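>>> Would you be able to build a 3D model of this:
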Amino acid sequence: HAITAVATDGAGNISGPSSTLFITIDQTPPTITGVTSTTADGSYNASDVIDITVTFSEIVTVTGTPVLALTSGGYAPYASGSASTVLHFTYTVGSTDTSADLGATSLSLSGGTITDAAGLAATLTLPTTTSATLAGSKAIIIDSTAPGAPYLSLASYDSGTAGDNITNQEEIVLAVTAEAGSAVAITAATTAGVNVPLNSGAMTGAGVPRAFFPRNSDLSALADGKYVFSAVATDLAGNTGATGTFTVTIATEAPSAPTALALSTATDTGTSTTDGLTNLTAVTVTGTAATGTTITLYENGSVIGSVVTVTPTFAISLTSLAAGTHAITAVATDGAGNISGPSSTLFITIDQTSFGFRRDHERDFGHGDWCR
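Okay, the predicted model is just below:
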């Protein structure tokens, strides 16, 4: 309202108008028109600080410390902006806070005030129009949870016994499963604790298994040995998780061929127990080989027996061998599937033909026939 005044004396003389008095009658309280943030979109973890702004329909004055409640479970106390239309609230991410898309749920006075120039208390209802909300106008992720330990496995050929993580492949490939979008740092060491410098120790990607090709720093394949790989994932918010470990043995060198093949003394019958001559069709072949290898006996290219050695000596029982001479060789296969060369040939002769004798002293049989 624009109001002026004039004065009239007793004679009826009227003065000129006074200066104009402007009176504004304001019965409309200030309202919140938008909530957003000056902090860049992205992922944030514990102790990170995010600036959140609340815009009002008119200039407001703040007393005390109003508080903005957030979808992460955290709170942002008032920081600055009194006597303007934009108030700033500071959010320090808590150690247990989490939100896939940070939003504001309410604004409370907490003993303070937010008023306009007329002294009207602001309406604290937050806007619901998507573009006017914190979640709708920004893409801020609150992640205070550390990722799980990465899971590693052997993606390349696991030769020998499947699942034992012993391979004769020099250029191995590891499958790494970790939280989606996380960066995984991988280091390697021998079982004796000696670090093995790798050509690359970091990788990013989705949560599905990612391929990692461990090589020496000069890109050469890792040498034979037993390696312990350690992997740690760091998520987009900067949280670092526990360490996942995986042990793999690279063994490309074939074992030595079995030696000292012989018939066991119990099955090498006759006057000698070392001549390979026997009258038994069920015999035992003994020999020497590396402990833990699988010994396979061959005759004419066919497998006739096998055993896993638990000591440097082995014994393999053979049954139902035919009469005659058998040429037997042995090979050793280690846990990685490496196969030795053949052993020296063991010749076994099975003779079940009994000798004859003349019964000349039994003349009553007539003409001295031969008897079996």
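>>> can you pull out the helices in the stretch 51-200 of the chain?
Using DSSP state H, counting those that start in this stretch, the helices of the stretch 51-200 of the chain run over residues 134-137.
>>> how close does the closest residue to L21 other than its chain neighbours get to I25?
Once flanking residues are discounted, L21 sits nearest to I3: 4.4 Å by Cβ to Cβ, 6 or more residues apart in numbering. Heads up, the C-betas are built off the backbone N, CA and C, glycines and all. Between I3 and I25 the distance, using Cβ to Cβ, to the nearest Å, works out to 12 Å.
>>> Between the two, which has more neighbouring residues?
Using other Cβ atoms under 10 Å, the more surrounded residue of I3 and I25 is I3, with 10 against 7.
>>> which phi and psi does that one have?
Dihedral pair for I3: phi -120, psi 130, per degrees, to the nearest 10.
>>> what about the stretch 201-350 of the chain, any weak spots by pLDDT?
For the stretch 201-350 of the chain, applying pLDDT under 70 flags the ranges 201-207.
>>> switch to 90 and redo it
201-213, 215, 217-220, 270-274, 320 (pLDDT under 90).
>>> what's the neighbour count on the closest residue to A289 other than its chain neighbours?
What sits nearest to A289 in space, not counting adjacent residues and going by Cβ to Cβ, 6+ apart, is P258, at 4.2 Å. With neighbours defined by other Cβ under 10 Å, the count for P258 comes to 27.
>>> repeat for S182
For S182, using other Cβ under 10 Å, the count is 23.
>>> Just the pLDDT at the residue of the chain positioned farthest from its centre, thanks.
Going by Cα atoms, centre = their mean, the residue of the chain most distant from its centre is A11, 102.2 Å out. pLDDT, the model's per-residue confidence, is 92 for A11.
>>> so it sits in a helix?
No. A11 sits outside any helix when classified using DSSP: H, G, I helix; E, B strand; the rest coil, being coil.
>>> For the stretch 101-250 of the chain, which segments count as strands?
For the stretch 101-250 of the chain, the strands defined by DSSP state E, counting those that start in this stretch occupy 104-108, 113-115, 140-143, 151-154, 166-167, 174-177, 183-190, 202-204, 210-212, 225-234, 240-250.
>>> Turn those strands into a markdown table, columns for mean neighbour count.
Formatted as a markdown table, the strands of the stretch 101-250 of the chain follow (neighbours: other Cβ atoms under 10 Å):
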| stretch | mean neighbour count |
| --- | --- |
| strand 104-108 | 16 |
| strand 113-115 | 18 |
| strand 140-143 | 23 |
| strand 151-154 | 18 |
| strand 166-167 | 21 |
| strand 174-177 | 20 |
| strand 183-190 | 18 |
| strand 202-204 | 14 |
| strand 210-212 | 17 |
| strand 225-234 | 19 |
| strand 240-250 | 17 |
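>>> Output the ones you listed in CSV, with distance to L87 appended to each entry.
As requested, these are exported to CSV (distance: least, Cβ to Cβ, whole Å):
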stretch, distance to L87
strand 104-108, 9
strand 113-115, 8
strand 140-143, 18
strand 151-154, 47
strand 166-167, 63
strand 174-177, 45
strand 183-190, 37
strand 202-204, 38
strand 210-212, 45
strand 225-234, 35
strand 240-250, 35
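>>> mind listing what P255 touches?
289-290, 293, 332-334, 338, 340 (Cβ atoms under 8 Å, 6 or more residues apart in numbering).
>>> and the spatially closest residue to Q27 that is not a sequence neighbour, how many residues sit next to it?
The spatially closest residue to Q27, leaving aside those adjacent along the chain, is L120, at 7.3 Å (Cβ to Cβ, 6+ apart). As a burial measure, L120 scores 16 neighbours (other Cβ under 10 Å).
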